[in-house]
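Trainee: Give the three-dimensional model of this entry:
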Amino acid sequence: MSFKLKMKVLLFLISSVVSFSAQNENFQADIKNNDVNNRENYLISAAKKKNKNRQESNKNSRNDETEENTQSATESLKYSQRNDGIIDLNSLVHKEDSEFRVLNGTNVKIMLRTKNNDVYSAEVVYNGGKKMMRGIGNYGGNEIFMAEIPSNVSSYYFVLTDDKTKYYMGRNISKNLKDIEKFEYSRSAKLTTIPEWARGSVGYQIYIDSFRNGDVDNDAIFNEFGTDDFSEPTGEIRSGTSKKDLVLAYWGGNEKPQFSLNEWNSNYEEKNEWEENTLNDVQNYTRYYGGDLQGIIDKLDYIKNLGVEYIILSSPFYSLSNHKYDTIYFNHVDPYFGYIEQTGTSKGLDIKAKVHNNNGDKELNLLIFNPETDRNLLDEDLLNTKTWIWTDSDLQLASLVKQAHQKGLKVVLEVAPDTTSNRFFAINNKEFSDWYLKDTVLDLKNPQVRNYIENAMKKWILGPDETFKKDVYDDGIDGIRYVYYDNENKEYLAQITENLKKYKPDLLITGEVSNSITKDIEDGIYDSGADYNIVNNIIKYTVNTNPNYRIDGVEFATKLNEIYNRYSSNRFNMTQVFIGSLDTDRIFSGMINPNRVYDRNNQSDQGYLNIRPDLYDGTAVSKLKRVVAMQMMLPATPVIYYGDEKGMWGADSPRNRKPMLWEDYEPYDPETDSISKYKDRLRSFPNVVEVNEVQKWISYPVNSNADIENHYKALLKIRKDHKNLFRNGKLRILEVYSDSKTKGRIDSEISAYLADQNRRAKLYQGRDFTPARPNTDFISYEISDGNESMIIVVNNGADEYPLSLQVPKLFGFYRNQLNLKENYAISDKKIQINVKPYEVKVLYSNAKNMFDSFRQNKN
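Mentor: Okay, the predicted model is just below:
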């Protein structure tokens with residue numbers, strides 16, 4: 001064999017994508033964020049991207065391109081495949097944006113999309129060098145190639161080869177290199193500085209009103225409907241002040257219902273009197289349960305002991321709604337969360353700012369805005385920070401932050417930076433008519449608006465001592481999470497972000513759902529964001545069963561691969577991974593409501609099953625534990641939605657915001673749901689489920705789930721014990737059962753195992769034994785930082801079966817961190833394991849010292 005032919009064969013062996021596991025020797029790729037499903041079917045014809053000036057000025061080039069396009073049209077009539085000399089030019093996609101290139105330290109990741117199994121090799125050529133690209137996955141008829149090149153390049157192009165056919169691809173495609181208009185690149189100068197503490201940490205999102213009622217004296221006496229929809233409140237708070245004297249207001253007559261809190265441990269589906277009579281169509285969106293900042297302070301030890309490192313508070317700012325995202329004051333905490341009647345105490349804070357904290361003063365009155373003077377009763381000019389005041393409720397937030405810091409917890413506030421209430425001071429004032437973009441959306445392009453928002457955030461960042469202090473002495477928040485912002489304001493939101501980071505070096509700023517998270521990061525809007533595509537694909541792979549909503553292991557692994565590569569390594573380490581939030585249905589309920597697009601068709605009146613999931617499906621807890629393990633065992637930042645760790649359930653808002661399950665609030669009243677959703681199950685429910693066919697409801701007990709809570713604690717302990725691994729580790733796919741090569745090997749091994757079982761039965765028991773073939777479906781991936789190796793094995797099947805699992809190491813041991821009795825010796829880069837239904841194994845080995853890994857794990 002000639003040297004030339006040998007090299008050609010070698011190149012083929014290297015670049016051919018034989019199986020998914022081979023493609024993913026190093027795990028890297030990107031995903032477009034919210035519009036994943038649309039993008040999968042949206043292929044841009046790169047062959048049509050030609051430079052108009054070049055076409056007009058260069059006749060030869062134009063003729064060449066026309067000839068090539070004609071050839072491409074002819075070739076597309078054939079079935080192109082690797083090494084057949086045909087490349088489908090219309091399937092070649094690369095764009096000069098963050099979807100196809102991502103800054104990663106001193107390098108930039110470059111992605112290229114081709115038709116699956118079509119291109120023999122892809123190479124990226126840049127000024128000063130070239131790099132062979134490697135396949136990192138395929139789905140939907142597409143194949144993804146990636147390479148990392150230096151980030152200081154100014155231009156680049158691709159060389160695509162298949163057999164003897166070669167094309168050059170820049171902004172146009174040609175067989176002649178001299179005709180190519182190269183892609184251009186310049187490194188973004190707007191990227192924010194990443195706080196070290198946020199990478200690989202664990203967050204805990206709290207919806208304040210439903211978390212814990214720590215102070216009954218600040219319980220709501222009216223809601224967003226205003227006082228005139230309710231009769232005058234009766235009773236007193238503990239100081240002896242009548243509730244009707246807590247605010248100067250016009251109350252409705254006696255024919256109106258009196259506003260009241262909903263009972264914490266009551267059946268969620270039952271209504272208070274005012275809900276029966278006042279704007280019934282939105283009743284459960286406007287109820288209050290009484291949660292407040294004192295309740296969070298009381299439970300800081302619970303949060304810390306769970307294994308969480310920072311808390312995310314829903315908007316605490318003054319508003320009449322229970323969620324507070326439609327803000328009246330960005331520079332004041334809502335009295336319902338702090339104090340309606342002031343206490344006159346400093347709460348042990350070092351206060352340098354102006355304070356109005358007079359014992360007995362009523363904060364609801366102090367915050368009344370007088371449009372004639374453009375001031376509130378605190379005499380604040382909202383455009384002049386020198387007049388701004390710290391109220392008792394404001395100090396309560398600072399006290400929470402300082403006490404959290406003393407326990408080693410960080411605090412992040414959610415803010416809708418451009419969304420106001422219709423009671424906001426500027427909304428009906430002609431003097432401020434240019435403050436609004438539309439409706440109740442502020443126009444951040446206006447410098448006055450930006451200054452107000454920025455100064456309000458600065459107040460909470462620095463705290464009442466008006467300075468930055470480190471660690472336990474700091475009374476300022478540690479981060480901000482932007483939610484519900486308008487796309488037109490993004491450019492100006494980036495300016496606010498840049499300025500806020502000057503006040504605190506390690507301030508974290510993150511973003512909520514976006515169609516272009518990586519572009520937002522590149523534009524400096526925030527450090528990183530919440531990527532719901534991760535949970536979306538986890539649900540598609542593990543929960544859904546309908547082929548219209550389900551993906552197999554190869555597609556899941558490829559999409560996870562793409563998501564991972566949409567970020568630089570250190571920004572993925574701080575990407576927030578939610579599996580539930582105050583805007584989605586509870587993840588536990590998702591286990592019994594499959595086969596839909598994530599966060600769609602999840603309202604109670606859409607047929608969504610509200611029943612406690614483990615009463616409907618005996619495997620629901622096991623399925624949930626699998627999903628939670630996949631969320632936690634990524635080198636990213638998982639965020640727990642309050643109560644998920646206790647197995648709380650419910651449809652989308654408002655039922656996902658039910659009161660937290662606390663043991664000292666037990667017993668809870670049974671919960672009910674419509675009988676019409678369960679007609680096929682009425683005779684098979686456990687005895688604890690009551691079926692009332694006369695009144696058309698089912699009733700079931702409300703309890704937390706210790707098994708789920710212990711699972712969370714175990715996973716969080718793993719993250720704590722291996723913090724550096726989750727902070728710095730990189731991800732790569734090892735094996736996927738649905739990959740043809742892996743499937744062939746595993747099926748053969750299971751067949752041999754079953755045959756051996758039959759042989760043993762004949763030999764030792766004298767009988768034929770034909771065990772059922774297990775439903776096999778698994779994926780394994782590794783997190784490694786060069787010193788430690790952690791392999792996550794996910795059994796996506798309902799059966800138990802043995803696996804001969806490939807691992808990266810030649811010898812040593814792996815130990816299951818979720819069951820320390822399980823130790824596996826490596827032999828020829830394999831370990832022999834047994835997976836139970838829906839099980840996730842977390843296998844750890846110290847890669848630095850392979851011989852001593854078992855001993856180091858022995859506790």
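Trainee: in stretch 448-465, what's buried?
Mentor: 449-450, 452-465 (16 or more other CB atoms under 10 Å). The C-beta positions use only the backbone N, C-alpha and C, and glycine is treated the same way.
Trainee: Residue 591 is in contact with residue 545, isn't it?
Mentor: No. Counting by CB atoms under 8 Å, residue 591 does not reach residue 545; the two are 11.8 Å apart.
Trainee: out of these two, which sits in the more crowded spot?
Mentor: residue 591 (25 against 8; other CB atoms under 10 Å).
Trainee: If I look at the more buried one, what pLDDT would I see?
Mentor: Residue 591 carries a pLDDT value of 98.
Trainee: residues contacting it?
Mentor: 543, 613, 617, 620, 623, 624, 627 (CB atoms under 8 Å, 6 or more residues apart in numbering).
Trainee: Which of these sits closest to residue 191?
Mentor: Ranked by distance to residue 191 (CB to CB), the contacts of residue 591 are led by residue 627 at 32.1 Å.
Trainee: what sits against the closest one?
Mentor: Taking CB under 8 Å, 6+ apart, one finds 535, 538, 539, 542, 543, 579, 587, 590, 591 in contact with residue 627.
Trainee: Show me how the record splits this structure into domains.
Mentor: Following automatic domain parsing, one finds the domains of the chain at 16-184, 221-287, 729-857.
Trainee: Now mean pLDDT too, for the ones you listed, in JSON lines please.
Mentor: Below are the domains of the chain laid out as JSON lines (pLDDT from 0 to 100):
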{"stretch": "domain 16-184", "mean pLDDT": "72"}
{"stretch": "domain 221-287", "mean pLDDT": "90"}
{"stretch": "domain 729-857", "mean pLDDT": "90"}
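Trainee: now these in TSV, with distance to residue 299?
Mentor: Putting the domains of the chain into TSV (distance: least, CB to CB, whole Å) gives the following:
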stretch	distance to residue 299
domain 16-184	33
domain 221-287	14
domain 729-857	26
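Trainee: For PyMOL, write the select line for the buried members of the contacts of residue 591.
Mentor: Buried subset of those, written as a PyMOL selection, criterion 16+ other CB under 10 Å:
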select buried, resi 543+613+620+623+624+627
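Trainee: Could you report the neighbour count for the closest residue in space to residue 455 that isn't next to it in sequence?
Mentor: For residue 455, ignoring the flanking residues on the chain, the nearest one in space by CB to CB, 6 or more residues apart in numbering is residue 385 at 5.0 Å. A total of 16 residues lie near residue 385 under the criterion other CB under 10 Å.
Trainee: my guess is residue 385 meets residue 452, correct?
Mentor: No. Between residue 385 and residue 452 there is no contact under CB under 8 Å: 9.1 Å.
Trainee: Show me the strands in the stretch 701-850 of the chain, by range?
Mentor: Assigned by DSSP state E, counting those that start in this stretch, the stretch 701-850 of the chain shows strands spanning 730-736, 778-784, 788-795, 801-806, 813-816, 823-825, 830-835, 840-846.
Trainee: and the ones you listed as CSV, adding distance to residue 306 and mean neighbour count?
Mentor: Compiled in CSV, the strands of the stretch 701-850 of the chain are given as follows (distance: least, CB to CB, whole Å; neighbours: other CB atoms under 10 Å):
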stretch, distance to residue 306, mean neighbour count
strand 730-736, 25, 23
strand 778-784, 22, 23
strand 788-795, 21, 24
strand 801-806, 31, 19
strand 813-816, 22, 23
strand 823-825, 28, 16
strand 830-835, 27, 18
strand 840-846, 18, 24
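Trainee: rewinding a little: and residue 421, which of the domains of the chain is closest to it?
Mentor: Closest to residue 421 of the domains of the chain is domain 221-287 (CB to CB; 8.2 Å).
Trainee: From start to finish, how long is that closest one in a straight line?
Mentor: 11 Å (CA to CA, to the nearest Å).
Trainee: and the two most separated of the contacts of residue 591?
Mentor: Greatest spacing in the contacts of residue 591, by CB to CB: 617 and 627 (13.7 Å).
Trainee: sorry, back to before: which of the strands of the stretch 701-850 of the chain sits closest to residue 220?
Mentor: Closest to residue 220 of the strands of the stretch 701-850 of the chain is strand 840-846 (CB to CB; 42.2 Å).
Trainee: Partner strands of that closest one, with direction?
Mentor: Partner strands and pairing direction for strand 840-846 (DSSP bridges) are strand 788-795 (antiparallel), strand 813-816 (antiparallel).
Trainee: Run the angle between the longest one and strand 730-736 for me.
Mentor: Read it as strand 788-795. Between strand 788-795 and strand 730-736, the angle comes out at 40 degrees (axes from the mean of the first three to the mean of the last three CA atoms, to 10 degrees).
Trainee: thinking again about what came up before, okay if I get the contacts of residue 591 as CSV plus secondary structure, distance to residue 660 and pLDDT?
Mentor: As requested, those are arranged in CSV below (DSSP: H, G, I helix; E, B strand; the rest coil; distance: CB to CB, whole Å; pLDDT from 0 to 100):
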residue, secondary structure, distance to residue 660, pLDDT
543, coil, 25, 98
613, helix, 18, 99
617, coil, 24, 98
620, helix, 20, 98
623, helix, 23, 98
624, helix, 18, 99
627, helix, 21, 99
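Trainee: Looking at the contacts of residue 591, spot the one nearest residue 195.
Mentor: Nearest to residue 195 among these, with distances taken as CB to CB, is residue 627, at 28.1 Å.
Trainee: follow-up on the earlier one: including distance to residue 192, could the strands of the stretch 701-850 of the chain go into JSON lines?
Mentor: Output for those, formatted as JSON lines (distance: least, CB to CB, whole Å):
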{"stretch": "strand 730-736", "distance to residue 192": "22"}
{"stretch": "strand 778-784", "distance to residue 192": "25"}
{"stretch": "strand 788-795", "distance to residue 192": "28"}
{"stretch": "strand 801-806", "distance to residue 192": "39"}
{"stretch": "strand 813-816", "distance to residue 192": "38"}
{"stretch": "strand 823-825", "distance to residue 192": "42"}
{"stretch": "strand 830-835", "distance to residue 192": "41"}
{"stretch": "strand 840-846", "distance to residue 192": "32"}
